[in-house]
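>>> Structure of the sequence below:
(2 chains)
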Amino acid sequence: MMVETHRACLECDMLHEITEMHSGEAGYCQRCGAVLFRSQKNSLDGALAFALTGLIFFFLANLFPLLEFEMQGNIQTNRLIDGSIEFFSAGYGLLGLVVLLSSVVAPMLILLFLVSILLPLKFHKKPFFPEAQIRLLVHLRPWAMAEIFVLGIIVAYVKLGDFADVSLGVSLFSFVFMVLATLLAYVTLDMKDLWYRLGELQKK
Amino acid sequence: MTQERQPQRQTARQIGAVSCHACHFLVMPDDPVVDHKYCPRCNSGIFSRKKNSINRTWALLVAAMILYIPANIFPIMTVVSFGKKTEDTIISGVLHLAGSGQWVIALVVFVASILVPIIKIISLTFLNASVQIKFRWRPKERAYLYRIIETIGRWSMVDIFMISILIGLVKLQAIATVEVGPGALAFAAVVILTMFAAMAFEPRLIWDQAEDSVHGRG
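Numbers count the residues shown, from 1 in each chain, chains lettered A, B, ... in the order given. Next comes the predicted model:
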């Protein structure tokens, strides 16, 4: 078993001893002020619950329209993936790919990885290649931009509101709830706990 | 000096340890791990400092600076309504929002699409130059600056998402359509290149130089 006694600051490399902390507390680097670690009670169960909730909302967000647009008696709606499809058909495949990855694929994969790591752990089973899944989770995170997509929807809504009737679709709310659930899953998840539990399983 | 009387805190590098950049596990120099190339816990490649970070950051930054020009000159989208075409660049998009009285949204888009990319390019240029010339000035403030631009950089994508929603929604042939402009491609490239540049930058270098200079004097 590898025991973690010290941790180096992610931003400045300063060594710190890992100390017992109460739930909800965070440790900060004494030199540069970066967050070193956070402690959460029942972090793995909580994060699993939020990730499962997020997945359900992600599924709903794909089924229904995001916005409804009406002009001169004509009604148009758009789904989550329609933006990427339109970029592709307009000859901007690269933009389509970027939008698809950052607003659909990466947010979905993050939730899927969280569930596929945490669900087996809940039943004391070893997840499938947990190291690779955690690595992907870390590297995907900056490219999942669902929360920025929500801001994009708000801007588009305001822009269109000037010359047409726009109403909000069911999927828009699902998408916002997915963003919140993902955020809460991240806030709740304590990576120290996760590695500890994985290490315990390997010992057996 | 008072600094020398206090127990000297050490960095991982000073004791020969390496902190995994993916899972933050600390690999000690005397750990019985296979070859000190891969993290024993998560299997990522481990390294004390990002390799060639200064040169890679420059390359990505210069590419972003060049693309910043077409991103602002060319239209990012064209609204065609009843045969009348209105082209929007990044800047005119903000002006239109402000003109129609949407001050809050105009301000948000101004910050995300105009202010953030400029601040990010200037700050990264300053940070990368500062570690290259081994500047010792205010490491803590420079570390804060890096942390801020790393967090806010992604929000510039908001304009690209706005376009993706408009082109998917406004498709009423003769009445109203929205078309993508080449500026959008250049702008997305600027955002992504600056994100990669921020990832390539090694914030630990800010502190390495401060440490080295302390040791050099002592």
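
>>> got a pLDDT number for B:R13?
Predicted confidence (pLDDT) at B:R13: the value is 86.

>>> So which residues of chain B form strands?
Here chain B has its strands, by DSSP state E, at B:18-19, B:26-27, B:77-81, B:84-88, B:171-172, B:176-180.

>>> what packs against the third one?
If you count contacts as 3 or more C-beta pairs under 8 Å, 6 or more residues apart in numbering or on different chains; DSSP states H and E, strand B:77-81 packs onto strand B:84-88, helix B:158-169, strand B:176-180. From N, CA and C alone the C-beta is placed, and that goes for glycine too.

>>> A:A8: which of these is closest?
For the helices and strands packed on strand B:77-81, proximity to A:A8 was assessed by C-beta to C-beta; helix B:158-169 is nearest, at 34.7 Å.

>>> tell me, how many neighbours does A:P120 end up with?
Applying other C-beta atoms under 10 Å in any protein chain shown, we find 15 residues neighbouring A:P120.

>>> Just confirm it contacts A:K126, I think it does.
Yes: using C-beta atoms under 8 Å, A:P120 is in contact with A:K126, at 6.6 Å.

>>> Sketch out the low-pLDDT regions of chain A for me.
Along chain A, segments meeting pLDDT under 70 span A:1-3, A:204.

>>> Now do the domain split for it, please.
With domains defined by automatic domain parsing, chain A comprises A:1-39, A:42-203.

>>> low-confidence ranges in chain B?
For chain B (pLDDT under 70), the answer is B:1-8, B:33-35, B:212-218.

>>> quick one on the thing from earlier: and among the strands of chain B, the most buried is which?
Mean neighbours per residue, mean count of other C-beta atoms under 10 Å in any protein chain shown, is largest over the strands of chain B for strand B:18-19, with a mean of 23.

>>> name the helices or strands packed onto that one?
strand B:26-27.

>>> Do I have it right that B:F187 meets B:F161?
No: if you go by C-beta under 8 Å, B:F187 and B:F161 don't touch, sitting 11.8 Å apart.

>>> if you count what's nearby, which of the two comes out ahead?
Under the neighbour definition other C-beta under 10 Å, B:F187 and B:F161 were set side by side, and B:F187 has more, 28 against 25.

>>> any idea how far the more buried one is from chain A?
B:F187 is 10 Å from chain A, where distance means C-beta to the nearest C-beta, to the nearest Å.

>>> do B:I149 as well
With distances taken as C-beta to the nearest C-beta, B:I149 is found 13 Å from chain A.

>>> In contact with that residue: list those residues for me.
Taking C-beta atoms under 8 Å, 6 or more residues apart in numbering or on different chains, we find B:I149 in contact with B:I119, B:K120, B:S123, B:L124, B:A198.

>>> My read is that B:P139 contacts B:D208, right?
No: contact between B:P139 and B:D208 fails when scored by C-beta under 8 Å: they sit 9.7 Å apart.

>>> how about the helices of chain B, start to end?
B:2-5, B:53-73, B:90-99, B:103-109, B:116-132, B:139-152, B:158-169, B:182-200, B:204-217 (DSSP state H).

>>> can you pull the alpha-carbon coordinates of the second one into CSV?
Which is helix B:53-73. C-alpha atoms of helix B:53-73 as CSV (Å, rounded to 0.1, in the frame of the first residue of the first chain):
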residue,chain,number,x,y,z
SER,B,53,7.4,24.7,-21.2
ILE,B,54,8.8,28.2,-22.1
ASN,B,55,9.2,27.4,-25.8
ARG,B,56,5.9,25.6,-26.1
THR,B,57,4.1,28.4,-24.4
TRP,B,58,5.7,30.9,-26.8
ALA,B,59,4.8,28.9,-29.8
LEU,B,60,1.1,28.6,-28.8
LEU,B,61,0.9,32.2,-27.7
VAL,B,62,2.4,33.6,-31.0
ALA,B,63,-0.1,31.4,-33.0
ALA,B,64,-2.9,32.8,-30.8
MET,B,65,-1.7,36.4,-31.3
ILE,B,66,-1.6,36.0,-35.1
LEU,B,67,-5.1,34.5,-35.3
TYR,B,68,-6.4,37.2,-33.0
ILE,B,69,-6.3,39.6,-36.0
PRO,B,70,-8.6,37.6,-38.4
ALA,B,71,-10.8,36.7,-35.4
ASN,B,72,-11.6,40.4,-34.9
ILE,B,73,-11.6,41.6,-38.6
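
>>> I'd like the strands of chain B as JSON lines, with distance to A:N62 appended.
Below are the strands of chain B laid out as JSON lines (distance: least, C-beta to C-beta, whole Å):
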{"stretch": "strand B:18-19", "distance to A:N62": "39"}
{"stretch": "strand B:26-27", "distance to A:N62": "41"}
{"stretch": "strand B:77-81", "distance to A:N62": "25"}
{"stretch": "strand B:84-88", "distance to A:N62": "29"}
{"stretch": "strand B:171-172", "distance to A:N62": "19"}
{"stretch": "strand B:176-180", "distance to A:N62": "22"}
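
>>> Quick check: which of those is nearest to B:R56?
Among the strands of chain B, strand B:18-19 sits nearest to B:R56 (C-beta to C-beta), with 19.6 Å.

>>> neighbouring strands for the closest one, and are they parallel or not?
Strand pairing for strand B:18-19, determined by DSSP bridges: strand B:26-27 (antiparallel).

>>> from the chain's centre, how far out does the strand it pairs with sit?
27 Å (C-alpha atoms, centre = their mean, to the nearest Å).

>>> What is the burial count for B:L97?
The local packing of B:L97 (other C-beta under 10 Å) involves 22 other residues.
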